[in-house]
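Novice: attaching a predicted model along with its sequence, questions to come.
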Amino acid sequence: MGAKMKVAGLVALGAVAGALTTIQFQAFARSSLSPLPLEELQQLAAVFGLVKAEYVEPVDEKKLIGDAISGMVAGLDPHSQYFDKKSFKEFREGTSGRFVGVGIEIGMEDGLVKVVSPIEGSPAFRAGIKAGDLITKIDDTAVKGLSMDQAVKRMRGEPNTKVQLTLFRKSESRTFPLTITREEIKVQSVRAKVVEPGYAWVRITQFQDRTVEDFARRLEEIYKQDPNLKGLVLDLRNDPGGLLEGAVAVSAAFLPQDALVVSTNGQLPDSKQSFKASPENYARRGGDPLKRLPEAVKRVPLVVLVNEGSASASEIVAGALQDHHRAIVMGAQTFGKGSVQTVRQLTGDTALKITTARYYTPSGRSIQAKGIVPDVMIDETAEGNVFAALRMREADLDKHLGTADEKKDEAREKAREEARKKLEEQFAKSKEAPKPLPEFGTNEDFQLAQALNRLKGKPVLVSKTMTERKAEVENN
């Protein structure tokens, strides 16, 4: 496999920034429809009739209509999307933190699916799958040539059905098959631990349906273990976002009662809202999960870690805590997804996810296509940033929301291409890919070490190369 695929695989091991959106579920309001353009609709009907009558092979009518809707929505911005029956089911699984599958976190390497970690207690975990295993076949389908999404879809399925995975284990230089029975998997979106006496680390990987409850429980456990906490690191690196109410709740855990967390503004009246640090803005299922947290959480010295993969809901949290001077934000400038998507159900099993508003931090900042600028910029490793320049951001996405006269940041595109070529050349010379970044939260985590130094009042190794990325590049 060539150097380009090797480097791309290493980048894929990180989170795909912006993969999820801040969302609200609302009913479809038919009364909002304006008069329809009849001439254009007649053209659409004419094209539909021609394709159905004259295309070289018979076509499915429902698929044609679905593709037409998808194309219409895809032309708006990178985050609006039409959900057919299958994709809507997958979307709901993603936001609920539950899905039916084998239970592994994955990346790509050399065109194969690489197991980053089996989820504890899952069928994959019980079957003995290990981090680092490469999946070469899923049932009778070779993995090479499949995208990560295609591979995931083949591994998921209905409960109690079987899937055969063929794995290559480098450490043992052997290939072997495993037949696994799919089960419902509950994803833990929050991890936490006391790193050393007086200092704790809490990581949120995604804002899902159960994140607030998991977050509150993990913080409770931390304070039971160490009631006299001197400092806390909230790790939002590579967190692509998720549910808006989750971002409001996590911010509320550290902010004073009723402090403004985020505001939204769009075309519709119900898109003009303010969300505060109060239970009515985040509590569900009849109770406030933050109520049981000790009062010390409101005062504990706090550092928030972010990077280019921190998007959407995670940017809301970082922006709120930064604006209220409640935390020091450290790391790299974030993804820059400053828009809100609303999911409007069309039928029982189809829906439209559409961008309905921009969101603003408490001071009124829009971070769209810019992101949150850290108070302290920190490199990924002691040696510098290996993969940061390769990562896509909101401003790199086609049709992202911006000004009418903006143009692509050619300097950033050039820097990303140069960084990719440099890594590929290094790999070609040494025959070894650049060393992957250490797992977040480990002793080798350079950025976490700098965050702890900040909390302890020790010197911090600030980046000498990072500079603030402006919101847009405009024509003069």
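Specialist: Cool, the structure landed. Numbers count the residues shown, from 1 in each chain.
Novice: so the residue lying closest to residue 112 once chain neighbours are set aside versus residue 192, what's the distance?
Specialist: Spatial nearest neighbour of residue 112, chain neighbours left out: residue 134 (4.6 Å); criterion: CB to CB, 6 or more residues apart in numbering. For every residue, glycine as well, the C-beta is placed using N, CA and C. Counting by CB to CB, to the nearest Å, the gap from residue 134 to residue 192 is 30 Å.
Novice: what residue ranges in the stretch 301-450 of the chain score low on pLDDT?
Specialist: For the stretch 301-450 of the chain, residues meeting the criterion pLDDT under 70 lie at 386-392, 396, 403-413, 415-417, 419-420, 423-435.
Novice: who has more neighbours, residue 134 and residue 192?
Specialist: Neighbour totals were compared for residue 134 and residue 192, and residue 192 leads with 24 against 19 (other CB atoms under 10 Å).
Novice: the more buried one reaches residue 221, doesn't it?
Specialist: Yes - Residue 192 lies in contact with residue 221 (CB atoms under 8 Å); the separation is 7.0 Å.
Novice: my guess is the residue nearest to residue 112 contacts residue 170. True?
Specialist: Yes - in terms of CB under 8 Å, residue 134 counts as a neighbour of residue 170; the distance is 7.3 Å.
Novice: contact partners for residue 112?
Specialist: 134, 135, 136, 143, 144, 168 (CB atoms under 8 Å, 6 or more residues apart in numbering).
Novice: can I get the residues you listed in a markdown table including distance to residue 35?
Specialist: Shown next, in a markdown table, are the contacts of residue 112 (distance: CB to CB, whole Å):
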| residue | distance to residue 35 |
| --- | --- |
| 134 | 56 |
| 135 | 53 |
| 136 | 56 |
| 143 | 50 |
| 144 | 52 |
| 168 | 60 |
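Novice: can you give me the helices for this protein?
Specialist: With DSSP state H, the ranges of helices along the chain come out as 3-12, 38-54, 61-74, 85-96, 123-127, 148-155, 211-225, 244-254, 313-323, 410-430, 446-456.
Novice: nearest to residue 348, out of the ones you listed?
Specialist: helix 85-96 (9.0 Å; CB to CB).
Novice: how big is the angle separating that closest one from helix 148-155?
Specialist: Orientation check (axes from the mean of the first three to the mean of the last three CA atoms, to 10 degrees): helix 85-96 against helix 148-155 gives 100 degrees.
Novice: pLDDT of helix 85-96, averaged?
Specialist: Per-region confidence: helix 85-96 scores 81 on mean pLDDT.
Novice: who does it touch, helix- and strand-wise?
Specialist: strand 98-101, strand 351-360 (3 or more CB pairs under 8 Å, 6 or more residues apart in numbering; DSSP states H and E).
Novice: and it, how far out from the chain middle?
Specialist: Relative to its chain's centre, helix 85-96 lies at 15 Å (CA atoms, centre = their mean, to the nearest Å).
Novice: buried residues in it?
Specialist: Across helix 85-96, burial judged by 16 or more other CB atoms under 10 Å covers 88, 91, 92, 93, 94, 95.
Novice: now do the closest residue in space to residue 361 that isn't next to it in sequence against residue 257, distance only.
Specialist: With CB to CB, 6+ apart as the criterion, residue 361 has its nearest non-adjacent residue at 3.6 Å, and that residue is residue 319. Residue 319 sits 19 Å away from residue 257, going by CB to CB.
Novice: more neighbours: these two, which one.
Specialist: Neighbour comparison, residue 319 and residue 257: the larger count goes to residue 319, with 29 against 10 (by other CB under 10 Å).
Novice: state the pLDDT value of the spatially closest residue to residue 284 that is not a sequence neighbour.
Specialist: Leaving aside its chain neighbours, residue 284 sits nearest to residue 245 (7.3 Å; criterion: CB to CB, 6+ apart). According to the prediction, residue 245 has pLDDT 92.
Novice: ditto for the one 5 residues further on
Specialist: Reading off the per-residue confidence, residue 250 sits at a pLDDT of 98.
Novice: now do residue 134
Specialist: If you check residue 134, the pLDDT there is 94.
Novice: cool, and the one 3 residues further on?
Specialist: At residue 137, the predicted lDDT confidence score is 96.
Novice: what about the closest residue to it other than its chain neighbours, how many neighbours?
Specialist: Using CB to CB, 6+ apart and skipping the chain neighbours, the partner closest in space to residue 137 is residue 166 (3.8 Å). Neighbourhood size, residue 166 [other CB under 10 Å]: 17.
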